[in-house]
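Q: one predicted model, sequence on top.
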Amino acid sequence: MQERSPETYVIDYRAAEQLLDIRDPRGAIRLLDSVIAAHPENTAARLLRARSYFLAAQLRPAELEFQTVLEREPDNAFAHFALARTFERAGRPEEAQRHFRLAAALEPRPDFLQAARFGTGTDGGPDLPPAPAA
């Protein structure tokens, strides 16, 4: 096997972002697996892999990755929101509501407030918004 450099992992990460943008979450997961195996502390890669799992409807792996991100960054509003969406899709509304409210409290974006039912209207649907720029 060819020796991998730090630059190779950056390229894989960027390629995974592109794959996710074109709705190929399984391809993104394959690339991110090697990045995370080499750099398990990389929270950005874990967040991207969690989003990929979510979009691939692999809810349990998505949940575990979002929880790992939140163990490292408990104030990550997007990770709370995405974990809530994961719980929501898994039919766990009470757990979802807790994380929707945490996301809205940490970052009062309109979509977070709406999902937490702090704003007006109903929940915005099952898709995740784009992650904030790293």
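A: Ah, there it is. Keep in mind it's a predicted model, so treat the numbers as computed, not measured.
Q: now the helices: where do they sit in the protein?
A: Remark: helices assigned in the chain by DSSP state H are 6-21, 25-38, 43-55, 59-72, 77-89, 93-106, 110-115.
Q: identify whichever of these lies nearest to residue 131.
A: Among the helices of the chain, helix 77-89 comes nearest to residue 131, with 5.6 Å by CB to CB. Every residue, glycine included, has its C-beta placed from N, CA and C.
Q: that closest one vs helix 59-72, what angle?
A: Interaxial angle of helix 77-89 relative to helix 59-72 (axes from the mean of the first three to the mean of the last three CA atoms, to 10 degrees): 150 degrees.
Q: from the chain's centroid, how far away is helix 77-89?
A: 8 Å (CA atoms, centre = their mean, to the nearest Å).
Q: can you list the weak-confidence ranges in this structure?
A: For the chain, applying pLDDT under 70 flags the ranges 1-2, 118-130, 132-134.
Q: cutoff 90 now
A: Filtered on pLDDT under 90, the chain yields the residue ranges 1-6, 117-134.
Q: most centrally placed residue in it?
A: Central residue of the chain (CA atoms, centre = their mean): residue 51, 3.6 Å from the mean position.
Q: on that earlier part again, just put the helices of the chain in CSV and tack on distance to residue 131.
A: Listed next are the helices of the chain as CSV, based on distance: least, CB to CB, whole Å:
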stretch, distance to residue 131
helix 6-21, 9
helix 25-38, 13
helix 43-55, 6
helix 59-72, 11
helix 77-89, 6
helix 93-106, 13
helix 110-115, 13
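Q: right, and the residue nearest to the centre of the chain touches residue 82 too?
A: Yes. Counting by CB atoms under 8 Å, residue 51 does reach residue 82; the two are 6.6 Å apart.
Q: follow-up on the earlier one: ok now do the residue nearest to the centre of the chain, which residues does it touch?
A: Residue 51 makes contact with 20, 25, 62, 82, 128, 131 under the criterion CB atoms under 8 Å, 6 or more residues apart in numbering.
Q: quick one: the second one and residue 19 touch, right?
A: Yes. The pair residue 25 and residue 19 qualifies as a contact (CB under 8 Å) at a distance of 7.4 Å.
Q: who has more neighbours out of those two?
A: Between residue 25 and residue 19, counting by other CB atoms under 10 Å, residue 25 is the more crowded of the two (23 against 20).
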